[in-house]
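Asks: I'd like to go over a predicted model; first the sequence, then the structure.
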Amino acid sequence: MSTTQSERLRELLEPLVTSQGLDLEEIAVDSVGRKRVLRVVVDSDTGADLDAIADVSRALSAKLDETDAMGDQAYDLEVGTPGAERLLTEPRHYRRAVDRLVKFQLADGEELVARILGVDDEGLDLEVPGVKGRKAKNRRLALAEIAKARVQVEFNRKDTKDMKEEEEA
């Protein structure tokens, strides 16, 4: 039997989110002044566009209105997707981060920044950028070796299409 409000909410809402073709990533109930805020984070392998967020928000709101899961006190419902620098904790998160730059903290204490090239059930294929003009190196990393991983925001990265066009010119 679940004990926390977040766990009870997850049990109530997860089937509804899943039926909308999304994954329920996170639920948090926070107090902001006199109000409470229920934050629900959803995602999918193909991403969640604004229409999908609006649809699931309406469905969650209706479900919460028909139950007493949030009690009698007023609250605001906020539904969104993970941020740009999301923490990667599940294998599906790594699949969704293919071709993204990620900062890893490994179980042995090593820190590594690398681009995810591929993911399978055992681990990740990475490209570790070269330092000071050196060539990038490929590396295999087992999921069990990862203590923490977070996507990094890249402002100056050229996409693959742009790089191919430059090479051809």
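Replies: Received, thanks. Everything numeric here is computed off the predicted structure, so don't read it as measured data.
Asks: Low-confidence stretches in this protein?
Replies: The chain contains residues with pLDDT under 70 at 1-3, 157-169.
Asks: For burial, what's the neighbour tally of the closest residue to Ile146 other than its chain neighbours?
Replies: Using Cβ to Cβ, 6 or more residues apart in numbering and skipping the chain neighbours, the partner closest in space to Ile146 is Phe104 (5.8 Å). The C-beta positions use only the backbone N, C-alpha and C, and glycine is treated the same way. Using other Cβ atoms under 10 Å, Phe104 has 20 neighbouring residues.
Asks: ok, now Arg95?
Replies: Residues near Arg95, counting by other Cβ under 10 Å: 15.
Asks: dump the residue contacts of it.
Replies: The neighbourhood of Arg95, defined by Cβ atoms under 8 Å, 6 or more residues apart in numbering, consists of Asp45, Val119.
Asks: To which secondary structure element is it assigned?
Replies: helix 91-96 (DSSP states H and E).
Asks: buried residues in that helix?
Replies: The neighbour-count criterion (16 or more other Cβ atoms under 10 Å) identifies His93, Tyr94, Arg96 as the buried residues of helix 91-96.
Asks: Can you tell me how far the first one is from Glu111?
Replies: So that's His93. The gap separating His93 from Glu111 is 19 Å, by Cβ to Cβ, to the nearest Å.
Asks: swap in the second one?
Replies: When distances are taken as Cβ to Cβ, Tyr94 and Glu111 turn out to be 17 Å apart.
Asks: what's the answer for Lys63, then?
Replies: Counting by Cβ to Cβ, the gap from Lys63 to Glu111 is 42 Å.
Asks: Ok, Val37 next?
Replies: Distance from Val37 to Glu111, by Cβ to Cβ: 34 Å.
Asks: Who has more neighbours out of those two?
Replies: More neighbours surround Val37 than the other of Val37 and Glu111, with 14 against 10 (other Cβ under 10 Å).
Asks: quick one: that one and Val79 touch, right?
Replies: No - Val37 lies out of contact with Val79 (Cβ atoms under 8 Å); the separation is 11.3 Å.
Asks: So for stretch 8-20, what gets flagged as buried?
Replies: Within stretch 8-20, the residues that count as buried by 16+ other Cβ under 10 Å are Leu9, Arg10, Leu12, Leu13, Leu16, Val17, Gln20.
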